[in-house]
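Chemist: All I have is the shape, not the residue letters:
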């Protein structure tokens with residue numbers, strides 16, 4: 001079987017923890033079926049997803065590439081240019097809080113963002129360039145830091161493509177995409193370049209008219225473990241938005257499922273970045289340094305309550321955000337064989353500074369009427385960590401880590417009462433014990449603490465900018481505590497299985513509500529859950545994957561309103577099958593189950609579960625020319641992509657009404673793609 005799977009060899013570095021690039025150890029990965037991860041990872045919940053697995057994903061939008069992580073759901077409640085909604089381990093992660101996402105060590109999460117803490121906009125991602133994705137769940141690593149309590153995803157672009165790519169895609173709902181990417185030899189290295197142009201209207205009555213431009217330019221020399229790269233990236237996007245709509249308006253026949261209340265909602269965004277990475281690896285030590293400079297901007301217009309606050313002009317508001325984010329990551333690892341025990345000792349630092357101008361304004365048809373708040377924020381953080389991994393014997397190894405983070409917040413706002421300086425710090429220890437492998441089976445025990453940062457404005461706000469009433473300040477950093485038992489086995493030939501049982505506690509789920517310009521105090525919470533992930537290589541041409549997860553999320557204190565955590569996902573599952581090497585034919589099908597969620601704390605209103613089926617089929621006319629047909633929501637399921645329950649008021653209504661507000665899952669659509677490699 002192994003010889004049949006030797007499609008190609010990629011030299012990759014792996015640490016005994018999940019993140020490969022900090023290691024001195026060298027391993028050879030097989031670019032065929034999912035490679036064996038026994039002996040490489042410190043938790044059953046962690047993994048490395050290779051380029052071939054990522055390429056087999058059928059994704060409606062770039063952010064859905066993260067659904068290759070077992071148990072993770074990616075959704076959308078607005079126009080295509082807006083950041084996705086994420087669900088994992090009993091969390092509604094909103095637009096990215098508690099899911100740390102990076103690309104080539106550049107942070108994607110944006111802290112103290114105008115719309116939501118941890119804003120994660122992945123529209124700049126080009127899937128064809130993604131070489132691999134490394135993921136973890138839970139606060140069990142000293143290397144990840146802010147936003148990683150529920151999980152983290154580290155994506156890496158390739159320095160060199162195996163083949164140049166030119167592709168054109170056309171689809172229903174005015175979808176069109178063109179991509180050109182290549183990596184010719186240049187000077188003493190390789191010059192990777194890529195240009196992507198995309199447009200999409202979606203199935204909506206008010207078309208998304210989403211247009212984006214993506215570009216990447218990278219020069220690299222050497223190899224992944226000994227070399228350097230310099231990169232420049234550009235993204236611009238513009239769109240209309242069909243935000244969530246009230247169910248009553250659809251049931252009354254006032255609008256269709258794909259219509260909107262305020263057809264002037266939407267936005268535009270940009271992201272420009274410069275980054276560099278340098279790595280050096282010797283026999284017994286390794287060093288890595290990366291630096292980045294990112295300029296991002298967003299103008300977002302939304303209306304979720306329609307005419308409840310302002311019966312004349314409506315409730316639309318804008319959230320402009322302009323920022324420059326700069327940072328430096330550095331680490332050094334020593335490897336020793338003292339007394340026959342392999343030990344890796346790593347120290348590292350992560351420095352980040354955000355210079356932010358954002359605000360909240362009341363608008364009508366994207367024209368500003370008044371200002372709720374406007375702030376200049378400077379947020380600086382320094383993280384220091386130490387990590388030691390030791391293989392004590394053939395069947396026992398450990399990983400211990402400790403991390404210390406120091407944050408400084410400075411807010412210059414339009415109200416003196418909400419301005420000033422604040423600081424906070426936190427220390428986060430972690431430990432992992434790994435037993436085995438015995439009969440191709442490993443067992444894991446993980447314990448750790450982590451955190452997420454709150455919006456800088458929340459740490460200093462004393463006057464609610466909407467009601468002008470006094471409000472309490474929030475802590476800058478909120479602690480999370482996790483414990484987990486796991487198992488990974490390959491005892492059945494061709495089958496890889498991992499199982500995790502976990503508990504995660506938060507001291508508080510405080511968050512800054514960008515839609516209101518104030519702080520929302522969350523209660524202390526606890527999540528219990530179980531996850532199972534299976535990958536089966538049935539034969540040379542068929543692979544089957546099945547992932548399922550269940551979580552119970554509850555508040556830990558007593559409140560007559562109830563103890564459910566609103567929006568917390570309970571159960572998710574995915575079943576997929578991929579076929580390849582059937583002559584010129586290949587294809588895949590993926591069934592995704594998105595479980596119900598409580599929409600009120602007393603569980604009296606719940607969202608409905610949904611199941612969707614996506615697929616693709618491809619035919620190769622020659623080794624360099626392929627035609628591929630992708631299909632989304634193949635059963636044309638009338639389901640919600642997301643549901644909320646809150647008060648709103650439509651024009652003509654005498655008073656606000658509580659109702660389910662939903663964003664519909666896109667109707668069945670197809671896209672045809674022609675790919676030429678050279």
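Modeler: Great, that's in hand. Since this is a predicted model, take the numbers as computed values, not measurements.
Chemist: just checking, residue 457 is part of a helix?
Modeler: Yes - under DSSP: H, G, I helix; E, B strand; the rest coil, residue 457 falls within a helix.
Chemist: burial count for the closest residue to residue 529 other than its chain neighbours?
Modeler: Spatially, and ignoring its direct neighbours in sequence, residue 529 is nearest to residue 551 (3.8 Å; CB to CB, 6 or more residues apart in numbering). Every C-beta, even on glycine, is put in place using the N, C-alpha and C of the backbone. Counted with other CB atoms under 10 Å, residues neighbouring residue 551 total 24.
Chemist: who touches residue 551 in this structure?
Modeler: Neighbour list for residue 551: 89-90, 527-529, 568-571 [criterion: CB atoms under 8 Å, 6 or more residues apart in numbering].
Chemist: immediately after the helix or strand that contains residue 300, which helix or strand?
Modeler: If you go by DSSP states H and E, residue 300 is part of strand 285-302. Using DSSP H and E, the helix or strand that follows strand 285-302 in sequence is strand 317-336.
Chemist: what helices or strands is that next one leaning on?
Modeler: Packing partners of strand 317-336 (3 or more CB pairs under 8 Å, 6 or more residues apart in numbering; DSSP states H and E): strand 106-107, strand 285-302, strand 342-364.
Chemist: Now that strand: buried residues?
Modeler: Buried positions in strand 317-336, judged by neighbour count with 16 or more other CB atoms under 10 Å: 317-323, 325-327, 329, 331-333, 335.
Chemist: same thing with stretch 66-82?
Modeler: Result for stretch 66-82 [16+ other CB under 10 Å]: buried residues 66-82.
Chemist: can you check stretch 269-278 too?
Modeler: For stretch 269-278, by 16+ other CB under 10 Å, it's 269-273, 275-278.
Chemist: and which of those residues is nearest residue 415?
Modeler: residue 269 (27.4 Å; CB to CB).
Chemist: Just confirm that closest one contacts residue 296, I think it does.
Modeler: Yes - counting by CB atoms under 8 Å, residue 269 touches residue 296, with 7.4 Å between them.
Chemist: anything in contact with each of the two?
Modeler: What both residue 269 and residue 296 touch, as defined by CB under 8 Å, 6+ apart, is the set residue 121.
Chemist: thinking again about what came up before, is there a quick ChimeraX command that grabs whichever of the contacts of residue 551 are buried?
Modeler: Paste this into ChimeraX to select the buried members of the contacts of residue 551, with burial taken from 16+ other CB under 10 Å:
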select :89,90,527,529,568,569,570,571
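Chemist: Out of the contacts of residue 551, which comes closest to residue 662?
Modeler: Lowest distance from residue 662 to the contacts of residue 551 (CB to CB) belongs to residue 569, with 15.5 Å.
Chemist: now the helices for the stretch 101-250 of the chain?
Modeler: 247-251 (DSSP state H, counting those that start in this stretch).
Chemist: Please name every helix or strand in contact with whichever strand or helix holds residue 501.
Modeler: Following DSSP H and E, one finds residue 501 within strand 495-506. With contacts taken as 3+ CB pairs under 8 Å, 6+ apart, strand 495-506 sits against strand 477-489, strand 525-537.
Chemist: The last one: which residues count as buried?
Modeler: The one in question is strand 525-537. 525-527, 529, 531-537.
Chemist: for the first one, same thing?
Modeler: When burial is assessed from 16+ other CB under 10 Å, strand 477-489 yields the following buried residues: 477-484, 486-489.
Chemist: same check, this time on stretch 150-164
Modeler: In stretch 150-164, counting by 16+ other CB under 10 Å, buried: 150-161.
Chemist: Same question for stretch 177-194.
Modeler: 177, 179, 181-183, 189-190, 192-194.
Chemist: and of those residues, the nearest to residue 647?
Modeler: Closest to residue 647, out of all of the buried residues of stretch 177-194 and judged by CB to CB, is residue 177, at 39.5 Å.
Chemist: For residue 128, see how far away the residue nearest to the closest one when sequence neighbours are not counted is.
Modeler: Residue nearest to residue 177 in three dimensions, not counting chain neighbours: residue 169, with 4.1 Å by CB to CB, 6+ apart. Here residue 169 is placed at a distance of 12 Å from residue 128 (CB to CB, to the nearest Å).
Chemist: Also residue 402?
Modeler: Residue 402 is 39 Å from residue 128, by CB to CB.
Chemist: tell me which residues in stretch 620-640 are buried?
Modeler: 626, 628, 630-633, 639-640.
Chemist: Then stretch 608-624?
Modeler: Buried residues in stretch 608-624, counted by 16+ other CB under 10 Å: 610, 612-616, 618.
Chemist: so how far is it from its chain's centroid?
Modeler: 22 Å (CA atoms, centre = their mean, to the nearest Å).
Chemist: pLDDT (mean, whole number) over it?
Modeler: Stretch 608-624 carries an average pLDDT of 96.
Chemist: got it, and stretch 257-272?
Modeler: 96.
Chemist: cool, stretch 659-673 as well?
Modeler: The pLDDT scores in stretch 659-673 average 96.
Chemist: got it, and stretch 225-236?
Modeler: Taken as a whole, stretch 225-236 has an average pLDDT of 96.
Chemist: ok so, going back, would you tell me which of the helices and strands packed on strand 495-506 gets closest to residue 564?
Modeler: Among these, the nearest to residue 564 by CB to CB is strand 525-537 (10.4 Å).
Chemist: Next secondary structure after the closest one?
Modeler: Following strand 525-537 toward the C-terminus (DSSP H and E): strand 542-555.
Chemist: Mind naming the longest strand for the protein?
Modeler: strand 367-393 (DSSP state E).
Chemist: how big is the angle separating it from strand 285-302?
Modeler: Strand 367-393 and strand 285-302 are oriented at 150 degrees to each other (axes from the mean of the first three to the mean of the last three CA atoms, to 10 degrees).
Chemist: what pairs with strand 367-393, and is each one parallel or antiparallel?
Modeler: Taking DSSP bridges as the criterion, strand 367-393 pairs within the sheet with strand 342-364 (antiparallel), strand 396-413 (antiparallel).
Chemist: okay if I get these as CSV plus distance to residue 444, mean neighbour count and mean pLDDT?
Modeler: Below are these laid out as CSV (distance: least, CB to CB, whole Å; neighbours: other CB atoms under 10 Å; pLDDT from 0 to 100):
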stretch, distance to residue 444, mean neighbour count, mean pLDDT
strand 342-364, 18, 19, 96
strand 396-413, 10, 19, 97
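Chemist: mind checking which of those is nearest residue 262?
Modeler: Among those, if distance is taken as CB to CB, the winner is strand 342-364, at 9.4 Å.
Chemist: Distance to residue 562 and mean pLDDT for the helices and strands packed on strand 495-506 - can I get that in TSV?
Modeler: Listed next are these as TSV, based on distance: least, CB to CB, whole Å; pLDDT from 0 to 100:
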stretch	distance to residue 562	mean pLDDT
strand 477-489	22	96
strand 525-537	13	95
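Chemist: Now render those strands as TSV, adding distance to residue 137.
Modeler: Listed next are these as TSV, based on distance: least, CB to CB, whole Å:
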stretch	distance to residue 137
strand 477-489	8
strand 525-537	8
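Chemist: Centre of the chain to the strand holding residue 501, how far?
Modeler: With CA atoms, centre = their mean, you get 19 Å for strand 495-506.
Chemist: That one to strand 477-489, inter-axis angle?
Modeler: Going by the same axes, to 10 degrees, strand 495-506 makes 160 degrees with strand 477-489.
Chemist: Next up, the contacts around residue 123.
Modeler: 61-63, 80-81, 83, 212, 235, 237, 269.
Chemist: quick one on the thing from earlier: and the longest strand of the chain, what's its mean pLDDT?
Modeler: Rounded mean pLDDT across strand 367-393 is 96.
Chemist: Residue 345 is in contact with residue 334, correct?
Modeler: Yes - look at residue 334 against residue 345 with CB under 8 Å: they come within range, at 4.9 Å.
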